[in-house]
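Student: Can you look at this prediction? I've put the sequence above it.
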Amino acid sequence: MRNLYWTGVIIAAAIVGLFAASNRQIVVLGLWPRPYQAQAPLYLVVAAALLLGVAIGALTAWLKGGWRRRELRDCQRRNAALARELAATQAQLAREPSSGPPSRR
């Protein structure tokens, strides 16, 4: 499995390297309401856009999972409280004299 992972990493790195080598031409970037323009290599623009997309997607997934993490914390607290209650009940039952099971008549 580890070999498959590293094979995939090497192939992805080769593709990224070939893409960067093939797209070195300079592009002009401008943001419409502002007159400011910047020049950058095309591969850098594409890589920055991909990284920005991954970062936004990761942030969105993390924010979306917030209610699940909160629910998990609540369940863990409730589980701990129930475990303490069970231990206290078991200790109390161990201290009480046993009268045996109730008889049926």
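Tutor: That came in fine, so what should we check first? Numbers count the residues shown, from 1 in each chain.
Student: shaky segments in the protein?
Tutor: Along the chain, segments meeting pLDDT under 70 span 98-105.
Student: And the strands in it, which stretches?
Tutor: Along the chain, the segments classed as strands by DSSP state E run 26-30, 37-41.
Student: What lies in contact with the last one?
Tutor: With Cβ atoms under 8 Å, 6 or more residues apart in numbering as the contact definition, strand 37-41 has outside contacts at 23-30. For the C-beta atoms, the positions are set from N, CA and C on the backbone; glycine is no exception.
Student: of those residues, buried ones?
Tutor: Buried members of those, counted by 16 or more other Cβ atoms under 10 Å: none.
Student: how about these, which pair is most distant?
Tutor: The span of those, defined through Cβ to Cβ, is set by 24 and 30 at 20.2 Å.
Student: And the spatially most central residue of the chain, how far from residue 25?
Tutor: By Cα atoms, centre = their mean, the chain has its centre lying nearest to residue 62, at 5.9 Å. Distance, residue 62 to residue 25, using Cβ to Cβ, to the nearest Å: 36 Å.
Student: Just give me how far the longest helix seen in the chain sits from the chain centre.
Tutor: For the chain, the helix with the greatest residue count under DSSP state H is helix 66-95. Centroid displacement of helix 66-95 relative to its chain, using Cα atoms, centre = their mean, to the nearest Å, is 26 Å.
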